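J.: let me see the structure of the following:
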Amino acid sequence: MQQEEVASFQFAFSMIGGLFLYVLAAPLFDPSVPYGNWLRVEWIPLLLFFWGQRQPNWPPLWVPWLCGLLLDVLRGDPLGLNALCFLGMAWFISARFEWFRTLSLIEQCLALFLCLCFYALISLGVLLFAGRALGDWWFAVLPPIITAALWPLSFVLLVRIHSRALNV
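T.: Numbering: from 1, shown residues only. Just a heads-up that it's a prediction; the model follows:
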């Protein structure tokens, strides 16, 4: 029971940290700035990808939904857009967690990239349907590339933190 409580605390802390990183770095990644989308990292999907592999039965699906709603409010997106995408991503990763665990780190980067491209495609489709002008739409591919490139470093750091907390 102790390990489940530690994992639950770590998950909640990491998701809050991901939202905090987004809020703290939001002025840097403003879409009106020419380089704004180049450096944006999708922290919440990255953390969902990690925790979906490590704890497939946890979190409950309302947690990604709630994080998505908070991100919708922060970004000014239509309410429920990120919540739906995060919910679908969390469900897909937890349903296929055994397959994701068998992949090498480079293959996991590619799988994360494909999940994030699907997330970006859904987001672009909904925003276009809502009538929002997107400008340079190809900038939507850059956050998945940057996030997938950071996956090996993030994975190693999160595994080290997770295993250290379980051994204490």
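J.: what comes up buried for stretch 109-126?
T.: Residues of stretch 109-126 classed as buried: 109, 111-113, 115-117, 119-120, 122-123, 126 (neighbour count, 16 or more other C-beta atoms under 10 Å). Just so you know, the C-beta spots here come from the backbone N, C-alpha and C atoms, and that holds for glycine as well.
J.: right, I mislabeled it, should have said stretch 45-55
T.: By 16+ other C-beta under 10 Å, the buried positions in stretch 45-55 come out as 45-55.
J.: the helix or strand where residue 113 lies: what's the following helix or strand?
T.: Residue 113 is located in helix 105-129, with elements delineated by DSSP states H and E. Going down the chain from helix 105-129, the next helix or strand is helix 142-167, by DSSP H and E.
J.: where does this protein dip in pLDDT?
T.: Applying pLDDT under 70 to the chain picks out residues 1-9, 23-39, 58-59, 134-138, 165-168.
J.: can you pull the contacts of the spatially most central residue of the chain?
T.: Compute the mean C-alpha point of the chain, and by C-alpha atoms, centre = their mean the closest residue is residue 45, 1.0 Å away. By C-beta atoms under 8 Å, 6 or more residues apart in numbering, the residues touching residue 45 are 85-86, 89, 112, 115-116, 119, 147.
J.: if we use 6 Å, what do you get?
T.: 89, 116 (C-beta atoms under 6 Å, 6 or more residues apart in numbering).
J.: that one and residue 62: what is the separation?
T.: Residue 45 is 17 Å from residue 62, where distance means C-beta to C-beta, to the nearest Å.
J.: same thing with residue 48?
T.: 13 Å.
J.: just residue 91 next, same as before
T.: With distances taken as C-beta to C-beta, residue 91 is found 12 Å from residue 62.
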